[in-house]
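**Q** need a 3D model of the following:
(2 chains)
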Amino acid sequence: MENTKTVRVPGKAGAYFKRNIGIIVGLIILVAIVAISEPKFLTPSNILNLLRSNAVNAIICCGMLLAILMGEIDISVGSTVGLSGVIGAFLIANMGAPVWVTVIACLAVGAAVGAVNGVAISYLKVPAFVATLATQCIGRGLTEIISGGVTIRIRNDAYTALGNTSFNGVSIIVVYAALVLIFTWVLLNKTRFGYYIYALGGNKTAAEYSGVNVKKYNMLPYVLIGIFCGLGGLIWSARLGSAAATLGEGFEMDAIAAVVIGGTSMSGGVGTVGGTFIGILIIGVITNGLNLMGINSFWQNVFKGIIILVAVIIDVLRKGRSKQ
Amino acid sequence: MKKLLSVVLAGAMVLSMTACSSSEPAETEAETEAAAETEAVEESVAEDVTEAVEEDAEAAGGDYTIGFSPYTLTNEYFTAVLDGVQQACDELGCELLYFDPQNDPTQQASQIDDMIASGIDALIYIPYDSAGAHTVLQTCQDAGVKVINIDNVVTEDDYELVDGIIASDNTQLGYLSGQWVAENHPDGANILIAHLQTAESCVINVAGFWQGIEENAENPDAFVEVQVVEGGGDTNVTFNVVSDALQAHDDIDVIYCINDTSALGAVQAVEEAGKTGEIDILGKDGAPIGKHAINDGTMVQSSAQRPTYMGYQGVQKAVTLLNGGEIDFNEAIESYSITADNIADYDLDAWDTLE
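**A** Predicted coordinates:
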């Protein structure tokens, strides 16, 4: 049955609304409910706040999308964010490293974790869930060792500016997120690399027979995911002016949730950056809206969980129908 | 069918993930750590035995082995307790033995069993689950190990099983902050609480905070709780929830955070909202990060916890007991209020001192 799966390479912009109609309607309904019960939701400053709060999640989602498109998963993202953030903070605060060195170090740490994941999964055939579970553990442990359980304070204005600058009220981290989203869109839609990712997720064996270097193209996306996480760690440490060992805990949850809500199939081969973007907004609106309404944060988890479940059920039903 | 299965599997993975992220790494790390520790223990125990034979009757202050069991050692509060414990042990010539329970009460219990087996004379104990400490305490008593319970106090039913208690006064910690607000906002204030609602001590802190306002303000009704947000005691979580709360309410005057770590998130959120200087941010703990923030003027007040002193006192009491002396059974450690006015008196980089 696997062989008959169609590889969906996303088409023109016009098809965007049609393809994502379900979640777009969902998002609009959600926005309407929140806006009616809390008028402050639709103020420009809150919209900017909402975008800013979800910027790092958006960057990580771009990585998670790549993994899930290949029919795999990366649960090490949160710990990689923590590891690179803490290493960045350590270098700049405790070692007095220059800003550019720290920036490169953060991204390099992410890339290194990603490379370990990629090699383990692609070349050594370790299931993605297990491989990234292992690196998650290792990363979190190293984060705690390096930070020594202490929150590292950063007092370097040039570094904190990397996360705290804004242009006419638009935070620089929203710009980073936009750039990463655009980059990922181009990668998936306009390059051979992207085409291979869809092909791998659609049918690995078929991709191999048609001459794709499966090992290489299965590994490289993980390096990219790692770099995105490194960027996430860099942004958070710069933005907070500090980094603690707990940084990034649970980030994989929000990322997987947004990607799945965005219509990406957990079995691979199907999913788009555009859909993921809506998924990110849905998660963001739930969190922000409930916070504005003063609803206990524990309920947010309940709502998120229900929405993920509904999204996956819709995915399953849709596939069932298209088979008939 | 295959596809359905794969989706279900994936879902299961996602669900199991949360469990893995918290328990798995803890286990493996603790295991390796425990392995390393055991070696150290064996050495020290061997040493002890020989020394004890040689010096036999000379029991003045030394040659005891003290066990220490906190929640975790990847949290600077508990590492500060450890500093105090270590310092007292060094001064008194005791061997110190400790493991990292990684916030897991079952591990804590088995590690304490291991410590008893290695021959500790007294245990400085911060039970992760104060209501579930009974069996651990009973084991200690049966083995003749003195127990000084610090920080997180066991339930009253178990008082007879411990030899001494030292703890912070959580009400007073909150009270000092409330008092600061009452004194510095004579006309009242709109207050946002960045809470950690799952921790009983924080619930007591917040109650103490309001008590401090009520007893010190001329008109307590002018102090309004605008919202309670769940910051999880964590910097980036608090940052996000406070950012949202600042969107919902533009009349906030004061943010009370249940620890300095979360107060840092509030500071950053207020700064991004362009309200620096308009909102007073109070923390709790007197942690180095909190003191630096008060020194920088980004936070206004923090009520000091004294983890190092607490750990130090714990060992002192244990050794006094072992030498046949008497101690106060229950000691509440008095907090003090750190503000811009007195910040110069404190060492910014240490949690607390032993004076």
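
**Q** for the stretch 251-355 of chain B, which spans come out with low pLDDT?
**A** B:355 (pLDDT under 70).

**Q** how about the residues of it by chain A?
**A** B:Thr261, B:Leu264, B:Gly265, B:Gln268, B:Glu271, B:Glu272, B:Ala273, B:Ala287, B:Pro288, B:Ile289, B:His292 (C-beta under 8 Å from any C-beta of the partner chain). C-beta coordinates here come from the backbone N, C-alpha and C atoms, glycine included.

**Q** list buried residues within these.
**A** For these, a burial check counting by 16 or more other C-beta atoms under 10 Å in any protein chain shown picks out B:Thr261, B:Leu264, B:Gly265, B:Gln268, B:Glu272, B:Ala273, B:Ala287, B:Pro288, B:Ile289, B:His292.

**Q** determine which two of those are furthest apart.
**A** The distance between the two most remote of these (C-beta to C-beta) is 25.8 Å, for B:Ala273 and B:Pro288.

**Q** roughly how far is stretch A:240-249 from the heart of the chain?
**A** Distance of stretch A:240-249 from the chain centroid (C-alpha atoms, centre = their mean, to the nearest Å) equals 17 Å.

**Q** that older thread, now the buried ones among the residues of the stretch 251-355 of chain B next to chain A as a markdown table including secondary structure and distance to A:Ala32?
**A** Output for those, formatted as a markdown table (DSSP: H, G, I helix; E, B strand; the rest coil; distance: C-beta to C-beta, whole Å):
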| residue | secondary structure | distance to A:Ala32 |
| --- | --- | --- |
| B:Thr261 | helix | 37 |
| B:Leu264 | helix | 36 |
| B:Gly265 | helix | 30 |
| B:Gln268 | helix | 31 |
| B:Glu272 | helix | 27 |
| B:Ala273 | coil | 26 |
| B:Ala287 | coil | 43 |
| B:Pro288 | helix | 47 |
| B:Ile289 | helix | 41 |
| B:His292 | helix | 45 |
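
**Q** against chain A, how distant is the most centrally placed residue in chain B?
**A** Geometric centre of chain B, nearest residue: B:Tyr77, 5.2 Å, by C-alpha atoms, centre = their mean. Per C-beta to the nearest C-beta, to the nearest Å, B:Tyr77 is found 9 Å from chain A.

**Q** apart from its chain neighbours, what residue comes closest to that residue?
**A** B:Pro307 (5.4 Å; C-beta to C-beta, 6 or more residues apart in numbering or on different chains).

**Q** what does A:Gly22 give?
**A** A:Ile314 (6.7 Å).

**Q** one more: A:Ile87?
**A** A:Val109 is the one closest to A:Ile87 (C-beta to C-beta, 6+ apart), at 5.3 Å.

**Q** that's a helix at that neighbour, yeah?
**A** Yes - under DSSP: H, G, I helix; E, B strand; the rest coil, A:Val109 sits within a helix.

**Q** from what I can see it touches A:Gly230, true?
**A** Yes - contact status for A:Val109 versus A:Gly230: in contact at 5.6 Å, counting by C-beta atoms under 8 Å.

**Q** overlap of the contact sets of those two?
**A** When C-beta atoms under 8 Å, 6 or more residues apart in numbering or on different chains defines a contact, the residues bordering A:Val109 and A:Gly230 alike are A:Thr80, A:Ser84.

**Q** B:Lys146 is in contact with B:Ala122, isn't it?
**A** Yes - assessed by C-beta under 8 Å, B:Lys146 is found in contact with B:Ala122 at 4.0 Å.

**Q** looking at these two, which one has more neighbours?
**A** B:Ala122 (25 against 22; other C-beta atoms under 10 Å in any protein chain shown).

**Q** who's in contact with the more buried one?
**A** B:Tyr64, B:Ile66, B:Gly67, B:Val145, B:Lys146, B:Val147, B:Ile148, B:Asp163, B:Ala318, B:Val319, B:Leu321, B:Leu322.

**Q** out of those residues, list just those in strands.
**A** B:Ile66, B:Gly67, B:Lys146, B:Val147, B:Ile148 (DSSP state E).

**Q** mind checking how far A:Thr272 is from chain B?
**A** 18 Å.

**Q** ok, that residue - how many residues close by?
**A** With other C-beta under 10 Å as criterion, A:Thr272 counts 24.

**Q** and it, what does it touch?
**A** A:Pro10, A:Arg19, A:Asn20, A:Leu188, A:Gly262, A:Gly263, A:Thr264.

**Q** okay, the residues you listed in CSV with secondary structure next?
**A** Compiled in CSV, those are given as follows (three-state DSSP):
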residue, secondary structure
A:Pro10, coil
A:Arg19, helix
A:Asn20, coil
A:Leu188, helix
A:Gly262, coil
A:Gly263, coil
A:Thr264, coil
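
**Q** pick out the lowest-pLDDT one from the residues you listed.
**A** Ranked by pLDDT, the contacts of A:Thr272 bottom out at A:Pro10, which has 49.

**Q** follow-up on the earlier one: out of A:Val109 and A:Gly230, which sits in the more crowded spot?
**A** A:Gly230 (30 against 26).

**Q** is it correct that that one is in contact with A:Leu107?
**A** Yes - between A:Gly230 and A:Leu107 there is a contact at 4.3 Å, judged by C-beta under 8 Å.
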